[in-house]
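S.K.: From the sequence below, what's the structure:
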Amino acid sequence: MATLEEVEPILLALRDERAELIRLRDRALAGRAGGAADAGSEAEGGDVEGGGLPGAAVVDGSQRLLRLRMQGLIDQMQAGVTRLDELSVTLRDIESGLIDFPALVNGRHVWLCWRLGEGPIEWWHELETGFGSRQRLIDLA
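M.R.: Residues are numbered from 1 along each chain as shown. This is a model prediction of the structure:
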């Protein structure tokens with residue numbers, strides 16, 4: 001079983017990468033919307049380079065760079081999730097860093113439950129339930 005010292009840096013990286021991916025996605029969408037609005041207002045007298053619109057080549061280039069950066073983040077995130085899987089950790093929520101570890105307690109299969117910001121693992125829940133029904137380990141008998 002993985003230790004929290006192994007898992008926590010992966011979860012922190014995934015959370016940061018997710019936030020950056022969302023930021024880049026929003027920037028890409030705003031760039032597309034801005035480009036469409038600019039295209040409509042400049043369509044009458046545009047130049048030939050860049051598809052007939054001034055600055056279109058610059059917008060296309062920056063959009064391409066954004067997409068490449070986004071793909072790089074997605075690749076990093078996939079590697080992080082794969083590493084968690086190799087450590088027998090089930091990722092439940094990237095933003096909160098919520099994970100489950102499989103455990104066998106007194107012949108009973110359960111999930112040990114933990115999320116970023118918590119101290120040692122102190123929670124568990126049944127295999128068929130989730131975070132909302134987690135209970136303290138001290139109560140597991």
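S.K.: drop to CA atoms for contacts and neighbour counts, all remaining ones
M.R.: Noted.
S.K.: To what extent is residue 138 buried, counted in neighbours?
M.R.: 9 (other CA atoms under 10 Å).
S.K.: Against residue 25, how distant is the closest residue to it other than its chain neighbours?
M.R.: Using CA to CA, 6 or more residues apart in numbering and skipping residues adjacent in sequence, the residue nearest residue 138 is residue 122, 7.5 Å away. Separation of residue 122 from residue 25 (CA to CA, to the nearest Å): 36 Å.
S.K.: Could you do residue 89 as well?
M.R.: In terms of CA to CA, residue 89 sits 28 Å off from residue 25.
S.K.: Looking only at neighbour counts, state which of these two leads.
M.R.: residue 89 (21 against 15).
S.K.: Which segments of the chain make up each domain?
M.R.: Following automatic domain parsing, one gets these domains for the chain: 4-40+55-86, 90-139.
S.K.: Lowest average pLDDT across these?
M.R.: Among those, domain 4-40+55-86 carries the lowest mean pLDDT, a mean of 86.
S.K.: got the end-to-end distance for that domain?
M.R.: Start-to-end, domain 4-40+55-86 (CA to CA) is 14 Å.
S.K.: Repeat that for stretch 109-125.
M.R.: Start-to-end, stretch 109-125 (CA to CA) is 10 Å.
S.K.: Now do the buried residues in that stretch.
M.R.: Of the residues in stretch 109-125, 110, 111, 112, 113, 114, 115, 116, 123, 124, 125 count as buried by neighbour count, 16 or more other CA atoms under 10 Å.
S.K.: what's the answer for stretch 23-34, then?
M.R.: Residues of stretch 23-34 classed as buried: 24, 28, 31 (neighbour count, 16+ other CA under 10 Å).
S.K.: neighbouring contacts of that stretch?
M.R.: Stretch 23-34 has contacts (CA atoms under 8 Å, 6 or more residues apart in numbering) with 59, 63, 66, 67, 70.
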